[in-house]
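Asks: only geometry, no sequence info:
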Ligand SMILES: NC(=O)c1ccc[n+]([C@@H]2O[C@H](COP(=O)([O-])OP(=O)(O)OC[C@H]3O[C@@H](n4cnc5c(N)ncnc54)[C@H](O)[C@@H]3O)[C@@H](O)[C@H]2O)c1
């Protein structure tokens, strides 16, 4: 089985590529390199191309004998998508629909798709389970929900099986600090904490201290990128074993507040992280964490990393790569 990993030079993709390689599986990375880094892919073959390019996809599938796909390639900023929705409907939804059709025409099934907890918008209750209502609050979330629908129709029409994995907050890095998240493009909390700690930006802004949570700050479910990578490998095995299409939450099932992230970071780093308390940001849900029982039951997946491991691996990467991949 050769696995095609689109977005394989990006943050979560590169960790998944490396895990597949370490397990001795055949893997090929495919990335436009708009946001990815060739150095993140290591010695795995990397094909530079766009998932919407039928010829390029056909070429890589035929040359490498691809029979399974993990599809990470996408734009990922809900905030940006509110001002540039066309980018998200174009790159994430339309190009992915074309990509799925290309794969179908080539007879490739077994498709694992990077979806997001943003498809839930603000859920009515937490932990949020997969059967909660889907009502995204950004074109980004909508573009992912649209792709989930396309995939369910390709299953009904052609029997093309897929798993849509809805990530909560991906964080952390390869434990030896050799690959990690590109903090020049992300606004996720963990890299922003690291940037503040390393003096590469001003103080961390803690948005809102009057939420109805134990310490007043917002709560999210931080899941280690290696746990995510492991879930993808398990999802591929599940599909290869004949498993049926489904949607799975990938989160730890534990919520952590912004202050918990901050104090754990200070403990791991061994010094205070400059920060300031500011107003809530409009549109930020109070608390969001996953009911992950379906992924645990179906895949035998157990997230192994807690907040401390997430922050110490992120520190190992950021503190040794102040300029990221330097490309
Ligand atoms: N990081 C998170 O916390 C998070 C949470 C939920 C969902 N996701 C989803 O996970 C996936 C991966 O996220 P990430 O954090 O690794 O992002 P990333 O930006 O690091 O990686 C995405 C990669 O896809 C590539 N790409 C984008 N459009 C492409 C196209 N049309 N053709 C080929 N390559 C293309 C980019 O160059 C980049 O390397 C995305 O689909 C994202 O929406 C991420």
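Replies: Perfect, I can see it now. This structure is a prediction, so every number in the text was calculated from the model and none was measured.
Asks: quick one, phi psi at residue 123?
Replies: When read as degrees, to the nearest 10, the backbone of residue 123 gives phi -70, psi 160.
Asks: isn't it right next to residue 288, touching?
Replies: Yes - Residue 123 is within contact range of residue 288, at 7.0 Å (criterion: CB atoms under 8 Å). All C-beta atoms are positioned from the backbone trio N, CA, C, and that covers glycine.
Asks: higher neighbour count, these two?
Replies: Neighbour totals were compared for residue 123 and residue 288, and residue 288 leads with 23 against 19 (other CB atoms under 10 Å).
Asks: which one is that one nearest to, not counting chain neighbours?
Replies: The shortest distance from residue 288 to any non-neighbouring residue, by CB to CB, 6 or more residues apart in numbering, is to residue 220 (5.7 Å).
Asks: wait, the one you found sits on residue 289?
Replies: Yes - using CB under 8 Å, residue 220 makes contact with residue 289 at a distance of 7.0 Å.
Asks: which neighbours do these two have in common?
Replies: Overlap of the contact sets of residue 220 and residue 289 (by CB atoms under 8 Å, 6 or more residues apart in numbering) consists of 168, 255.
Asks: how far away is the nearest residue to residue 91 once chain neighbours are set aside from residue 156?
Replies: Distances taken as CB to CB, 6+ apart place residue 75 nearest to residue 91, at 5.3 Å, with adjacent residues excluded. Separation of residue 75 from residue 156 (CB to CB, to the nearest Å): 28 Å.
Asks: okay, these two: which has more neighbours?
Replies: Neighbours were tallied for residue 75 and for residue 156 using other CB under 10 Å; the higher tally belongs to residue 75 (17 against 10).
Asks: thought that one was touching residue 93?
Replies: No - Residue 75 lies out of contact with residue 93 (CB under 8 Å); the separation is 10.6 Å.
Asks: which parts of the protein are helices?
Replies: Applying DSSP state H to the chain gives helices spanning 11-22, 54-64, 78-83, 85-87, 95-106, 139-158, 189-197, 225-240, 258-269, 293-299, 307-318.
Asks: to the ligand, which of the ones you listed lies closest?
Replies: Closest approach to the ligand among the helices of the chain (CB to the nearest ligand atom): helix 11-22, 3.4 Å.
Asks: so what's residue 85 up against?
Replies: So residue 85 contacts residue 139 (CB under 8 Å, 6+ apart).
Asks: 10 Å - rerun?
Replies: 138, 139, 140, 142, 143 (CB atoms under 10 Å, 6 or more residues apart in numbering).
Asks: of these, buried ones?
Replies: 138, 139, 140, 142, 143 (16 or more other CB atoms under 10 Å).
Asks: okay, the helices of the chain in a markdown table with distance to residue 112 and mean pLDDT next?
Replies: Below are the helices of the chain laid out as a markdown table (distance: least, CB to CB, whole Å; pLDDT from 0 to 100):
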| stretch | distance to residue 112 | mean pLDDT |
| --- | --- | --- |
| helix 11-22 | 9 | 98 |
| helix 54-64 | 16 | 98 |
| helix 78-83 | 22 | 93 |
| helix 85-87 | 23 | 98 |
| helix 95-106 | 12 | 98 |
| helix 139-158 | 10 | 98 |
| helix 189-197 | 24 | 97 |
| helix 225-240 | 5 | 98 |
| helix 258-269 | 28 | 98 |
| helix 293-299 | 11 | 98 |
| helix 307-318 | 22 | 98 |
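Asks: CSV for those helices, including distance to the ligand?
Replies: Converted to CSV, these look like this (distance: least, CB to the nearest ligand atom, whole Å):
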stretch, distance to the ligand
helix 11-22, 3
helix 54-64, 9
helix 78-83, 9
helix 85-87, 10
helix 95-106, 5
helix 139-158, 7
helix 189-197, 9
helix 225-240, 8
helix 258-269, 14
helix 293-299, 14
helix 307-318, 12
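Asks: one step back: show me what contacts the residue nearest to residue 91?
Replies: 34, 35, 81, 84, 87, 88, 90, 91, 92, 139, 140, 143.
Asks: give me the buried entries from the residues you listed.
Replies: Buried, going by 16+ other CB under 10 Å: 35, 81, 87, 88, 91, 92, 139, 140, 143, out of the contacts of residue 75.
Asks: so how far is residue 204 from the fifth one?
Replies: In this view, residue 91 and residue 204 are 30 Å apart by CB to CB.
Asks: one step back: quick one, which of the helices of the chain is nearest to residue 178?
Replies: Closest to residue 178 of the helices of the chain, according to CB to CB: helix 307-318, at 7.6 Å.
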